[in-house]
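Peer 1: predicted model follows, preceded by the sequence.
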Amino acid sequence: MIFHRYRAEYTDGIIDLIPLHIDPPNPELKFGHEQIWRITLHNSRKEIGQISYRDGESRCIYYYGHIGYHIDPPFRGQHFAWRACMLIRKEIMMSGKVSAVITCDPDNPASRRTCERLGCFLEGEMNVPEDLQQKYDLSPVKCRYIWHITAQQE
């Protein structure tokens, strides 16, 4: 289901999250529902990145994480991924979760800093099984962070 509106679903006055689409559960990946938002500068239609939230639990989620994000290179270093994560925490809580997994490659210091800024706990570096690496083009190792969600986080 693709949304064709440009009204922000979430905003903090710096960035807006505009719904891109919600994917129904994929029986193979078992992501549950996956919601994807465009990240834009406040009151702008220009996409500077995206963030997604997957509400499922599965072997694939273990390595992909519940949250995935990217910020386009010209906009990196301004904490936009952190802001986007903070904006979707209500969505995570509404799905009944009190924590969410974020994974990243060990050689991605920006994503690691985002996780640290969120207050995530580094569970460890996990070796990704070869079948998942090959089938889904995943890196051989993922850092697995656990974000404990609270309504009071700012």
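Peer 2: In hand now; what should we look at?
Peer 1: OK, contacts around residue 113?
Peer 2: Residues in contact with residue 113 (C-beta atoms under 8 Å, 6 or more residues apart in numbering): none are found. Where you see a C-beta, it was placed from the backbone N, CA and C, and this is true even at glycine.
Peer 1: and stretch 133-150, average pLDDT?
Peer 2: Mean pLDDT, taken over the full extent of stretch 133-150, equals 94.
Peer 1: list the buried residues for it?
Peer 2: Of the residues in stretch 133-150, those buried by neighbour count under the rule 16 or more other C-beta atoms under 10 Å are 138, 141, 142, 143, 144, 145, 147, 149.
Peer 1: give me the distance between the two termini of it.
Peer 2: The first and last residues of stretch 133-150 sit 33 Å apart, counting by C-alpha to C-alpha, to the nearest Å.
Peer 1: per-residue confidence at residue 29?
Peer 2: Predicted confidence (pLDDT) for residue 29: 72.
Peer 1: verify the contact between it and residue 63 for me.
Peer 2: No - in this structure residue 29 lies outside contact range of residue 63 using C-beta atoms under 8 Å: 10.6 Å.
Peer 1: could you check which of the two has the larger neighbour count?
Peer 2: A direct count of neighbours by other C-beta atoms under 10 Å for residue 29 and residue 63 places residue 63 higher, at 21 against 17.
Peer 1: what comes into contact with the helix or strand bottoming out on mean pLDDT in the chain?
Peer 2: Confidence across the helices and strands of the chain bottoms out at strand 15-23, with a mean of 87, counting by mean pLDDT, DSSP states H and E. For strand 15-23, the external contacting residues (C-beta under 8 Å, 6+ apart) are 1-3, 5-11, 31, 33-44, 48, 50-51, 80, 83-84, 87-88.
Peer 1: if you set the cut-off to 7 Å instead, what comes out?
Peer 2: Where contact means C-beta atoms under 7 Å, 6 or more residues apart in numbering, the residues beyond strand 15-23 that reach it are 1-3, 6, 8-10, 33-42, 50-51, 80, 83-84, 87-88.
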